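**Q** Give the three-dimensional model of this entry:
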Amino acid sequence: MNSADVFSLEFDMLTRTSLLAKILERFRATEIGSGTHRQLLLEFNHVINVHSRLREVAADVVPPEDWASWHELLAVPALAFEQGRLFLDDLRALGLNSMDSVSLTPLPQTIALAAYAHYQLVERATVGLVGYLWFFDRMPRLFYPLWSDACQRGGVPKKAQRALTQGAVIDPTRDQQMMNCCRQIVRRPRDLGLATQSLHDTAELFATMVDAAVQRAERRPLALDSAVVGSAMGQVA
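**A** This is a model prediction of the structure:
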């Protein structure tokens, strides 16, 4: 069994038996309003922005003889600049302009997910990053449709969900490309172990980020209500 087959099996298991499975089930069963959708888009966009800089670091760390494979592997559509642009378009459809999005601080859980990729690339064996990239290559086809369905139940405008529709498209050519890159980069049992661990860690960090984004969005209306009450109490009847 080659490394790509192992990653597929591990990813399938994670979608059924981990914190990621609980997140997926929540999106199947509940609705997502515009506030929560907005928060999720912001967190995802931050991860994409960090990835664009990670590619520059990779060029200095990856052995020259492996760069062709790594260059293809790093070109994950879900982390590409184009996907980030689509997220920004959807954010604008929700009333947020690009200057606003730049000034908003990501959640600690989002920073941890983005930092994990840099950690794998610089502090550990570079091959560990393969699991991280595999996760983000496969995640959209499963998570984005559930996210979009939850948004429809929550009344989010269709024009604010276009990035999810485009991001969930399956590209068989890209799948084959990923498989070929994994075979060329993951050569030893130790490499496979490191990459598989990275896949598991990434799924856990991703699920934690999504959970935190949902919780932040759900708390915001309560905070606004409290502010209104406090203002009213300070007024003279």
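
**Q** Give me the phi and psi angles of Ala75.
**A** phi -80, psi 50 (degrees, to the nearest 10).

**Q** For Gln83, see how far away it is.
**A** If you measure Ala75 against Gln83 using CB to CB, to the nearest Å, the figure is 11 Å. Quick note: C-beta positions are derived from backbone N, CA and C, even for glycine.

**Q** cool, Arg26 as well?
**A** From Arg26 over to Gln83 the distance is 23 Å, taken as CB to CB.

**Q** And these two? Which one has more around it.
**A** Counted by other CB atoms under 10 Å, Arg26 and Gln83 do not tie: Gln83 has more neighbours, with 20 against 16.

**Q** helices and strands of the chain: which one bottoms out on pLDDT?
**A** Between all helices and strands in the chain, the lowest mean by mean pLDDT, DSSP states H and E belongs to helix 98-103, at a mean of 57.

**Q** What's the local residue count around Arg219?
**A** For Arg219, the count of nearby residues is 10 (other CB under 10 Å).

**Q** Mind telling me what element it is part of?
**A** helix 189-233 (DSSP states H and E).

**Q** Find the residue at the geometric middle of the chain.
**A** Ranked by distance to the mean C-alpha position of the chain (CA atoms, centre = their mean), the top residue is Phe44 at 5.2 Å.

**Q** thought it was touching Phe87?
**A** Yes: assessed by CB atoms under 8 Å, Phe44 is found in contact with Phe87 at 6.0 Å.

**Q** what residue ranges in the protein score low on pLDDT?
**A** 1, 97-103, 220-237 (pLDDT under 70).

**Q** residue boundaries of the helices in it?
**A** Here the chain has its helices, by DSSP state H, at 3-17, 19-29, 34-61, 67-74, 81-93, 98-103, 108-122, 129-153, 162-167, 172-185, 189-233.

**Q** Out of the ones you listed, which one sits most buried?
**A** Greatest average neighbour count among those goes to helix 129-153 (a mean of 21), per mean count of other CB atoms under 10 Å.

**Q** Which neighbouring elements make contact with that one?
**A** For helix 129-153, the packing partners by 3 or more CB pairs under 8 Å, 6 or more residues apart in numbering; DSSP states H and E come out as helix 3-17, helix 19-29, helix 34-61, helix 67-74, helix 108-122, helix 162-167, helix 172-185, helix 189-233.

**Q** which ones are touching the residue nearest to the centre of the chain?
**A** Residues in contact with Phe44 (CB atoms under 8 Å, 6 or more residues apart in numbering) are Phe87.

**Q** how near is it to Glu218?
**A** Distance of Phe44 to Glu218, given as CB to CB: 18 Å.

**Q** ok, now how distant is Ala75 from Gln197?
**A** Per CB to CB, Ala75 is found 23 Å from Gln197.

**Q** Surely Ala163 touches Gln83?
**A** Yes: with contact defined as CB under 8 Å, Ala163 counts as touching Gln83 (6.7 Å).

**Q** Contact partners for Val62?
**A** Trp70, Thr126.

**Q** Quick check: phi and psi on it?
**A** Here is the backbone geometry of Val62 (degrees, to the nearest 10): phi -70, psi 140.

**Q** And Ile32, by the same measure?
**A** Here is the backbone geometry of Ile32 (degrees, to the nearest 10): phi -120, psi 120.

**Q** Fine by me, we can end here.
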